[in-house]
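Student: fold the following.
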Amino acid sequence: MTRGEHVLNNLEDLRSYVYETLCERETLVSGAFRMSEQLLIRAGKPCGMHFCVHGPRAVMITAIWETQQNSILFYDSTGVRFLTTRLVDAPQLQAVAA
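Tutor: Below is the predicted model of the structure:
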């Protein structure tokens, strides 16, 4: 599993980075498949986001942005974590939840 650091200033940059990374991992054509996202809540407060690219033949590739460690955990279609990216600067989750 490789690790990296990124600066993502807004939600659109975060979405693009997650989408491109997931598509690249599974060799999917960027833009050909949809990505869903869901806000994660702990103790009534937003604590992260779950992203999922829905590929061909019911393939799902996921990533979780968790705000406590301010990192994105990437999982391939078999559920194995293949990348952890630490965010040096990231959007505020409260602004995303609003």
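
Student: correct me if wrong: Glu37 contacts His54.
Tutor: No - Glu37 is beyond contact range of His54, at 11.6 Å (criterion: Cβ atoms under 8 Å). For every residue, glycine as well, the C-beta is placed using N, CA and C.

Student: neighbour-wise, which of the two wins?
Tutor: When Glu37 and His54 are compared on other Cβ atoms under 10 Å, the one with more neighbours turns out to be Glu37, at 16 against 12.

Student: what sits against the more buried one?
Tutor: Glu37 makes contacts with 15, 49-52, as judged by Cβ atoms under 8 Å, 6 or more residues apart in numbering.

Student: so Thr62, which of the three states?
Tutor: Going by DSSP: H, G, I helix; E, B strand; the rest coil, the secondary structure assigned to Thr62 is strand.

Student: that one and Val88: what is the separation?
Tutor: With the distance defined as Cβ to Cβ, to the nearest Å, Thr62 ends up 23 Å from Val88.

Student: many thanks, I have nothing further to ask.
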